[in-house]
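Peer 1: Sequence plus predicted model, see below.
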Amino acid sequence: MNAARSMAAALALGASLVTPAALAAAGEDFNFMPKGGRALLLETIGSTPAQLRPVVQSKRTEAQWREFADAQGKRLTERERATLAAYLAVNLPVDGPLDSAQQLPRDGRDLAWEECQSCHSLFSSHLTQERSAQHWRNMFMSPFHRQMKMTPREREEFARYSELNMPMKVDEVPPDLRF
Ligand code: HEC
């Protein structure tokens, strides 16, 4: 698709300008989506800097993070453990002092909610898509996505989260987001 056509498509898709802020105003939030690695980490080890620091400032392989996630036992489902291990492997260690959980890198759910809805709906572009991580990485190479202000690490986090957690079933998505 050439630049003019993709711009036209962007404008057509963007006509209703559904932004996260507009959705928040309409009472929608992302809690219907499977939790991402940041949410799972806070849920399992706690959210104070003292609880987080020893974990997020260490560097381990994904296999080692998988052991860490598995050690959380039945508190997490199999898919959640894989999601958590992928998040930790992609995003850690966090450099510099950690004073608040807010400094943790955004996870795949955060990124989808905040970065994908300004041009088109999340339902058709993400929630209903069954793709491998590589297929999601390729999505970022198209002319209209290459310019997005997401770092390589955020793109990788998004790809890993999405492979593990998408597609959702239609009836798990709030009706007013099914467009
Ligand atoms: C800057 C605007 C913009 C943003 C932000 C954006 N997209 Fe898109 N996206 C487009 C346009 C334009 C198209 C082309 C629509 C068409 O196919 O007619 C598109 C198409 C798609 C498609 C179908 C074509 C393909 O590449 O496979 C998918 C899937 C998709 N977007 C996913 C996403 C996801 C996931 C995000 C967030 C990580 C996102 N988009 C963010 C503009 C955007």
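Peer 2: The structure has been received and is ready for your questions. Numbers count the residues shown, from 1 in each chain.
Peer 1: okay, CA-based contacts and neighbour counts for the rest of this
Peer 2: Fine.
Peer 1: what about Thr83, neighbour count?
Peer 2: 28 (other C-alpha atoms under 10 Å).
Peer 1: sec struct for it, please.
Peer 2: When classified by DSSP: H, G, I helix; E, B strand; the rest coil, Thr83 comes out as helix.
Peer 1: Tell me if I'm right that it and Gly36 touch.
Peer 2: Yes - using C-alpha atoms under 8 Å, Thr83 is in contact with Gly36, at 6.6 Å.
Peer 1: which residues are in contact with both of those two?
Peer 2: Residues touching both Thr83 and Gly36 (C-alpha atoms under 8 Å, 6 or more residues apart in numbering): Tyr161.
Peer 1: how near is Ala133 to Leu23?
Peer 2: Separation of Ala133 from Leu23 (C-alpha to C-alpha, to the nearest Å) stands at 27 Å.
Peer 1: Grab the nearest non-local neighbour of the residue nearest the centre of the chain.
Peer 2: Central residue of the chain (C-alpha atoms, centre = their mean): Gly108, 1.0 Å from the mean position. Leaving out its chain neighbours, the residue that sits closest to Gly108 by C-alpha to C-alpha, 6 or more residues apart in numbering is Phe158, at 4.4 Å.
Peer 1: what does Arg53 give?
Peer 2: Leu98 (6.6 Å).
Peer 1: Give the burial count for that neighbour, as a bare number.
Peer 2: Leu98, neighbours per other C-alpha under 10 Å, totals 17.
Peer 1: Arg66 now?
Peer 2: 19.
Peer 1: Just list the residues touching it, thanks.
Peer 2: With C-alpha under 8 Å, 6+ apart, Arg66 has these contacts: Arg81, Ala82, Leu84, Ala85.
Peer 1: need these in CSV with distance to Thr128, pLDDT and neighbour count, can you?
Peer 2: Formatted as CSV, those follow (distance: C-alpha to C-alpha, whole Å; pLDDT from 0 to 100; neighbours: other C-alpha atoms under 10 Å):
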residue, distance to Thr128, pLDDT, neighbour count
Arg81, 22, 97, 25
Ala82, 20, 97, 22
Leu84, 22, 97, 27
Ala85, 23, 97, 24
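Peer 1: CSV for those residues, including distance to Ser125?
Peer 2: Conversion of the contacts of Arg66 to CSV gives the following (distance: C-alpha to C-alpha, whole Å):
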residue, distance to Ser125
Arg81, 25
Ala82, 23
Leu84, 23
Ala85, 25
